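A.B. asks: Dropping the sequence and predicted coords here.
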Amino acid sequence: MLLATLFESGISIKHYMLLATVLFAIGVFGVLYRKNAIILLMCIELMLNAVNLLLVAFSTYFGKADGQLFVFFIMVVAAAEATVGLSILVLLYRNARTTDIRLFNKLKN
Amino acid sequence: MSLDLVFYLLGGLTIGTALMVVLSSHPMRSVLYLVLTFFLISANYVLMNAQFVAIVNIIVYAGAIMVLFLFVLMLLNLDKENGPKGPIVMTISAVVAAGSLLTVVVAALRDAVIAQPVLPANAANAGLVENLGQLLFTKYVLPFEVSSVLFIAAMVGAVLLAKRDKQIID
């Protein structure tokens, strides 16, 4: 009931596309800007959430539930990624005593 | 209060908190701002009539994943971590790269023509748990099972990585 009024009351799907794009760009900016590896992982979560927002918006716009199921699968992948990524970070911290990504370019040479 | 106003308020707050995640110098504050961002995104889901996704978003993201982040952050004792002070060239190039990505995508989406939806009869309760469960265990049962395999692999990997064992490292 709420949705029909939402997309008929001046808010179009393009507003949500813009919001999701801005959130995704903020995530990309964070990945490029920050140097702490934990915050990098958080920015990846932010980008995934931007995609989730767009999927839910289109799912409700077309009145089909398929997009919302894809959100669940993205959440599964995000949870797995956070688990493995954070355990790799703990391992790196144990060896290097820091999570600064500038010190982790040892494979370069 | 009209729905436009609610949308603009929620959208502005979401963008503001997401920016604070990136810009705040204290990692703990970043995590808390990210939790706030997830709550605001959940509010957006409620606004779009996707109640079950909103609840799952709060439970899984704001509940489980962010608590994991907080645990690791407190465990590693990164409280006195310095802020994002890279060289100024890196900052400028990050701004330019993200800004040009935003510009290109917005310019591409601005003129995009979205098909008018042909709403099915039960469009209003598409986001309810009954409908989602029906779809998950019929049409999407194979991805559902595959995701359980992914979870097992992630769990085994995390246990193996976090284990303090000489035999594994050597």
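C.D. replies: Thanks, I have the structure now. Numbering: from 1, shown residues only, chains lettered A, B, ... in the order given.
A.B. asks: where does chain A dip in pLDDT?
C.D. replies: A:1-10, A:107-109 (pLDDT under 70).
A.B. asks: Which residue does chain A have closest to chain B?
C.D. replies: Chain B sits closest to A:Gly63 of chain A, with a gap of 2.9 Å, by Cβ to the nearest Cβ. Where you see a C-beta, it was placed from the backbone N, CA and C, and this is true even at glycine.
A.B. asks: That residue belongs to a strand, doesn't it?
C.D. replies: No. Read with DSSP: H, G, I helix; E, B strand; the rest coil, A:Gly63 is coil and lies in no strand.
A.B. asks: How about the contacts made by it?
C.D. replies: B:117, B:119-120, B:122-124, B:126 (Cβ atoms under 8 Å, 6 or more residues apart in numbering or on different chains).
A.B. asks: Whatever residue of chain B ends up closest to chain A - nearest residue in space that isn't next to it in sequence?
C.D. replies: Closest to chain A within chain B is B:Ala123: 2.9 Å, counting by Cβ to the nearest Cβ. Once flanking residues are discounted, B:Ala123 sits nearest to A:Gly63: 2.9 Å by Cβ to Cβ, 6 or more residues apart in numbering or on different chains.
A.B. asks: Helices of the chain, residue ranges please.
C.D. replies: All of this refers to chain A. In chain A, the helices defined using DSSP state H lie at A:2-8, A:13-33, A:37-61, A:66-96.
A.B. asks: Actually, chain B is the one I wanted.
C.D. replies: Counting by DSSP H, the helices of chain B are B:3-23, B:27-47, B:51-56, B:66-76, B:88-110, B:129-136, B:141-162, B:166-169.
A.B. asks: May I see these organised as CSV, with distance to chain A and mean pLDDT added?
C.D. replies: Formatted as CSV, the helices of chain B follow (distance: least, Cβ to the nearest Cβ, whole Å; pLDDT from 0 to 100):
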stretch, distance to chain A, mean pLDDT
helix B:3-23, 4, 91
helix B:27-47, 5, 93
helix B:51-56, 5, 92
helix B:66-76, 5, 89
helix B:88-110, 4, 91
helix B:129-136, 5, 88
helix B:141-162, 4, 92
helix B:166-169, 9, 54
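A.B. asks: Serialize the ones you listed to a markdown table and add fields for mean neighbour count.
C.D. replies: Below are the helices of chain B laid out as a markdown table (neighbours: other Cβ atoms under 10 Å in any protein chain shown):
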| stretch | mean neighbour count |
| --- | --- |
| helix B:3-23 | 18 |
| helix B:27-47 | 21 |
| helix B:51-56 | 20 |
| helix B:66-76 | 17 |
| helix B:88-110 | 13 |
| helix B:129-136 | 15 |
| helix B:141-162 | 13 |
| helix B:166-169 | 8 |
